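[1] Predicted coordinates and the sequence they were generated for:
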Amino acid sequence: MTHDSGKKEVRILILVDNQVTNGLLAEHGFALWIDTGTELIVFDTGQGHALPQNARQLGIDWSQADHLVLSHGHFDHTGGLRHILTEAHGIHVHCHPGVVQPRYSIRLGKSRPIQMPSHARTALDHVPEQCLHWVLQPTMLSERVGLSGPIPRAAAFEDTGGPFYLDPAGRRPDPIDDDLALWIRTDQGLVVCVGCCHAGLINTLQHILHLNPGEKIRAIIGGFHLLNASGNRLRHTIAALRSLAPGWVIPCHCTGEYAVAALHDSLGQRVCPGAAGKEYRI
């Protein structure tokens, strides 16, 4: 989707996803390469296994990147951090300070650590102070690109999407307060990029619209974390999306096959499932 407006075309390339095209490596993770025409942004880094090969095959030059944004501190979004920081000297890193805390998933009584890997935390520790930006509130990266900061949890039907905890015994639920999204202003509306939407897809979109009065959602791309969603949550999510009427919905990563099918049944051709190697021009 291109346009002939005064604003530059936005190009978004999926680097890492559970689904792939063109012989790329698949993994349970997510990463985007975003070219706004004036800045190059890396959004999340996957687990780190697929990123180097996929980036090489897709012709990505890390040294050209201006910003690296981490949507939250899970391993499948932060594992490639060291690889990028080794190649992209002087890149500005943006994330909530909560990305480094220990965190766990507990299923069937078994605890599994899911935090940022130790090598990624070490790499983050070595980012120069002037290049490391803790995101505690809505923040602008440029005139057109913003970060949501922490997202208010207003919709009663939305939750974090899984059995997430801050301790291995499961005594302290993890609200995943570090979850954030990125948005880009275009003259056709806002392009919203999300990692997992642990704050909730509708909470995320409503917050970003609140930050951009009078705007509409042109496109949303990323993981919606609906793979464990109840029928009630799916119904409410779809009803809210129909009301918001985004032009393009690109579910990736943790959205879940059932949820993707339900979104497509309701929203039709506006739903275009993502995969590593797919490129979108807006």
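    Noted; the coordinates are in hand.

[2] Ramachandran angles for the residue of the chain most remote from its centre?
    The C-alpha centroid of the chain is most remote from G109, which lies 28.6 Å away (C-alpha atoms, centre = their mean). Reported as degrees, to the nearest 10, the phi and psi values for G109 are phi 80, psi 0.

[3] I'd like the distance between it and G170.
    Using C-beta to C-beta, to the nearest Å, we find G109 at a distance of 9 Å from G170. Yep, even glycine has a C-beta here, placed from its N, CA and C like the rest.

[4] Now the most centrally placed residue in the chain. Nearest residue, chain neighbours left out?
    Closest residue to the average C-alpha location of the chain: G195 at 2.0 Å, with C-alpha atoms, centre = their mean. In space, and not counting its chain neighbours, G195 is closest to S71: 2.7 Å by C-beta to C-beta, 6 or more residues apart in numbering.

[5] wait, the one you found sits on V192?
    No - S71 is beyond contact range of V192, at 11.5 Å (criterion: C-beta atoms under 8 Å).

[6] Between these two, which contacts overlap?
    181-182, 222 (C-beta atoms under 8 Å, 6 or more residues apart in numbering).

[7] Using JSON lines, please lay out these together with pLDDT.
    Rendered in JSON lines, the data for these read as follows (pLDDT from 0 to 100):
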{"residue": "A181", "pLDDT": "98"}
{"residue": "L182", "pLDDT": "98"}
{"residue": "G222", "pLDDT": "98"}
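
[8] between the residues you listed, which is nearest H89?
    Nearest to H89 among the shared contacts of S71 and V192, counting by C-beta to C-beta, is L182 at 22.3 Å.

[9] wait, what's in contact with the closest one?
    Contact criterion C-beta under 8 Å, 6+ apart gives 34, 41, 43, 69, 71, 141, 145-148, 192-194 as the residues in contact with L182.

[10] picking that back up, of S71 and V192, give the one with the bigger neighbour count.
    Relative neighbour count places S71 above the other of S71 and V192, with 30 against 23, counting by other C-beta atoms under 10 Å.

[11] Buried residues, stretch 50-62. List them.
    50-52, 54-55, 58, 60, 62 (16 or more other C-beta atoms under 10 Å).
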